[in-house]
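A.B. asks: missing the sequence, but the structure's below:
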């Protein structure tokens, strides 16, 4: 961004969180072009694992938005992303979720208390709140974090699994509901190490069906490269 764009952003008091450009028309965080891009990406939801679904692919726009949710003190971004996803009524993924046994229990992946104090809120819990509001159901803190682990961002699959091994413990009620579906909620699915560790705390004899939902799915490098190539081809053709 050049100096004139920065001055413009200061004058108008707003920058798009997607592209970083100043805009007079935000809704409240994205310019019209980025909003349209997000709506198109909502059609690219994924099922990266058994009983696992992710609402958006990890691309530059969604990466910026999840960064705003986690590190820029914008908890409302969780609701914004869920409402612009295919979970909303009448969309494909919403229909899929509507067939889960009810009621729905959205269980956020917990933060360590030290990280929670630092951030002020748990982004996974904000996502769970938004999902419960849109899909029906309630948020249940049925997991606790036992250890403070380093960020998973730059770890390999094996390192991620080792990093979260034994990091969680169950915090289930004494009388577990006899029906319904448990949905473990997190921000990003990469290898599945974190959410699988969470599900493992419930034990093999856990009586309720379990699912996993994340906002983003981190695509393999080849998929991201293909997407970039498609964009270049589309631009050249137009």
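C.D. replies: Alright, I've got the coordinates. Since we're looking at a predicted model, the values are computed, not measured.
A.B. asks: pLDDT on stretch 195-215, on average?
C.D. replies: Here stretch 195-215 scores 93 as its mean pLDDT.
A.B. asks: now it: how far from the chain's centre is it?
C.D. replies: In terms of C-alpha atoms, centre = their mean, to the nearest Å, the centre of stretch 195-215 is found 17 Å from the chain centre.
A.B. asks: for stretch 201-221, same thing?
C.D. replies: Here the centre of stretch 201-221 is set off from its chain's centre by 13 Å, with C-alpha atoms, centre = their mean.
A.B. asks: that one: which residues count as buried?
C.D. replies: Across stretch 201-221, burial judged by 16 or more other C-beta atoms under 10 Å covers 201, 202, 210, 211, 212, 213, 214, 215, 216, 217, 218, 219. C-beta here means a position set from N, CA and C on the backbone, and glycine is covered the same way.
A.B. asks: for stretch 190-200, same thing?
C.D. replies: Neighbour-count burial for stretch 190-200, counted by 16+ other C-beta under 10 Å, picks out 190, 191, 192, 193, 194, 195, 196, 197, 198, 199.
A.B. asks: repeat that for stretch 21-29.
C.D. replies: 22, 23, 26, 29.
A.B. asks: that older thread, so which of the buried residues of stretch 201-221 would you say is closest to residue 83?
C.D. replies: In terms of C-beta to C-beta, no member of those lies closer to residue 83 than residue 215, at 11.9 Å.
A.B. asks: surely that closest one is in a strand?
C.D. replies: Yes - under DSSP: H, G, I helix; E, B strand; the rest coil, residue 215 sits within a strand.
A.B. asks: please verify my assumption that it contacts residue 130.
C.D. replies: No - between residue 215 and residue 130 there is no contact under C-beta atoms under 8 Å: 9.3 Å.
A.B. asks: now do the shared contacts for the two.
C.D. replies: 78, 81, 82 (C-beta atoms under 8 Å, 6 or more residues apart in numbering).
A.B. asks: could you pull out the strands for the protein?
C.D. replies: 46-49, 52-57, 104-108, 138-139, 143-145, 168-170, 181-189, 210-217 (DSSP state E).
A.B. asks: closest to residue 70 out of these?
C.D. replies: strand 181-189 (6.9 Å).
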